[in-house]
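Undergrad: pasting the structure only:
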């Protein structure tokens, strides 16, 4: 029961403090981590090209009050923002809140296309299926978060939960038709775009913090041991393997499924580690007081992440890019806190979203 309550608390923190992927700012310490070069300062809108090490910054655009969560194409993003047309929330004591709705937003024309609205509901976390035909998102007002699948073709939707699964704690796309996630009551489920939900038998007795699937492999973080660990389930052989990645609180699969990113917690720091899909050849990308938002570029050439660090008693935070081929990291934006990061399909744009009290603000970095 305590584990169920822990997961519910963590989910609420995720909804309101985050948002559904380098190098320390200190001298090289022999583990392959290098000091980043100076990047773009917060508060500036760069309209001229800035050359860094292995990439150039063309410009940075800011979008206040918007939570960008995915890309429909190079010029269109998926986002959530307050919808004042629906009136203020009347289910909460604080009457200053407005419902949040989901939109498509064209970066060129600045036009919004409404995708999903609901009175007295906060909508967010919207992520497109790989074929762009369905949208996975959550609803929240009072109580637990609920996940839904929404068809962009006919507007129909279905829940990814049912009575025998309990409520979903997480939800992630696995392919064009299916979603996987962990449930509050334990175990994991699969849901498809027809609304059919099934429990994953091999994981029904596990207490999970996160779960993802690619091809015939399921990766999950279990809370059953004193130290959260990453396991891999081979659906063909039914074999479960401990990948020897302890104290892990996050996992991100590469687009081709051959590598993984994990964030590991120590007594005083958090590190971002890259490894082969079987947990071998582990290498630390960065380490600091916090690392969030680790995200693979679609072409797998770069990894974006947010880093908080302390150097000579001075706190700093920023957005970084890691070049997979060279192992080098650079800072591309300063004063960026806890962030959700997404890449455009071409890997030429990066959006990141921060939460300022209860207001989401997003920015888009144009790369060259």
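TA: Okay, I see it. These figures come from a predicted structure and were not determined experimentally. Numbers count the residues shown, from 1 in each chain.

Undergrad: tell me the backbone dihedrals of residue 344, please.
TA: Backbone torsions of residue 344, given as degrees, to the nearest 10, read phi -70, psi 160.

Undergrad: okay, and the residue lying closest to it once chain neighbours are set aside sits in which element?
TA: Among residues not flanking residue 344 along the chain, residue 71 sits closest, at 4.8 Å (Cβ to Cβ, 6 or more residues apart in numbering). The C-beta positions use only the backbone N, C-alpha and C, and glycine is treated the same way. Using DSSP states H and E, residue 71 maps to strand 67-73.

Undergrad: beyond that strand, next helix or strand please.
TA: Defined by DSSP H and E, the subsequent element after strand 67-73 is strand 76-82.

Undergrad: returning to that earlier point: quick one: strands adjacent to the strand holding residue 71?
TA: Sheet pairing for strand 67-73, assigned by DSSP bridges, gives strand 76-82 (antiparallel).

Undergrad: so for the helix or strand just after the strand it pairs with, mean pLDDT?
TA: Downstream of strand 76-82, the next assigned helix or strand under DSSP H and E is strand 100-106. For strand 100-106, the mean pLDDT works out to 97.

Undergrad: list the buried ones in strand 100-106?
TA: The neighbour-count check on strand 100-106 (16 or more other Cβ atoms under 10 Å) flags 100, 101, 102, 103, 104, 105 as buried.

Undergrad: could you do stretch 273-292 as well?
TA: By neighbour count with 16+ other Cβ under 10 Å, stretch 273-292 contains the buried residues 273, 274, 275, 277, 279, 284, 285, 286, 287, 288, 291, 292.

Undergrad: can I get these in CSV with pLDDT, secondary structure and distance to residue 328?
TA: Output for the buried residues of stretch 273-292, formatted as CSV (pLDDT from 0 to 100; DSSP: H, G, I helix; E, B strand; the rest coil; distance: Cβ to Cβ, whole Å):
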residue, pLDDT, secondary structure, distance to residue 328
273, 96, strand, 17
274, 96, strand, 13
275, 95, strand, 18
277, 95, coil, 23
279, 93, coil, 24
284, 95, strand, 14
285, 96, strand, 10
286, 95, strand, 12
287, 95, strand, 16
288, 94, strand, 17
291, 95, strand, 17
292, 94, strand, 21
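
Undergrad: between those, which sits nearest residue 245?
TA: residue 279 (6.0 Å; Cβ to Cβ).

Undergrad: and for the residue nearest to residue 344, the neighbour number?
TA: The tally of other residues near residue 71 (other Cβ atoms under 10 Å) stands at 22.

Undergrad: just to check, it is in contact with residue 343?
TA: Yes. Contact criterion Cβ atoms under 8 Å: residue 71 and residue 343 qualify, at 7.3 Å.

Undergrad: so residue 230: helix, strand or coil?
TA: Put simply, residue 230 is strand when judged by DSSP: H, G, I helix; E, B strand; the rest coil.

Undergrad: scratch that, residue 256
TA: coil.

Undergrad: residues near it, how many?
TA: Using other Cβ under 10 Å, residue 256 is surrounded by 11 other residues.

Undergrad: pLDDT weak spots in the stretch 201-350 of the chain?
TA: 225 (pLDDT under 70).

Undergrad: surely residue 247 meets residue 269?
TA: No. Counting by Cβ under 8 Å, residue 247 stays clear of residue 269, with 10.8 Å between them.

Undergrad: for the buried residues of stretch 273-292, which one is nearest residue 63?
TA: residue 292 (19.4 Å).

Undergrad: tell me the contacts of that closest one?
TA: 18, 263, 305, 306, 338, 339 (Cβ atoms under 8 Å, 6 or more residues apart in numbering).

Undergrad: residue 211 versus the last one, what's the distance?
TA: Meaning residue 339. Residue 339 sits 23 Å away from residue 211, going by Cβ to Cβ, to the nearest Å.

Undergrad: ok, these two, which is more surrounded?
TA: Under the neighbour definition other Cβ under 10 Å, residue 339 and residue 211 were set side by side, and residue 211 has more, 28 against 24.

Undergrad: please identify the helix or strand for the nearest residue to the more buried one once chain neighbours are set aside.
TA: Nearest non-adjacent residue to residue 211, counting by Cβ to Cβ, 6+ apart: residue 220, 4.1 Å away. According to DSSP H and E, residue 220 maps onto strand 217-222.

Undergrad: now stretch 144-151: buried residues?
TA: 144, 145, 146, 147, 148, 149, 150.

Undergrad: surely the fourth one meets residue 159?
TA: Spelled out, it's residue 147. Yes. Look at residue 147 against residue 159 with Cβ under 8 Å: they come within range, at 7.2 Å.

Undergrad: quick one on the thing from earlier: what about the strand holding residue 71, distance to the chain center?
TA: Offset of strand 67-73 from its chain centre (Cα atoms, centre = their mean, to the nearest Å): 12 Å.
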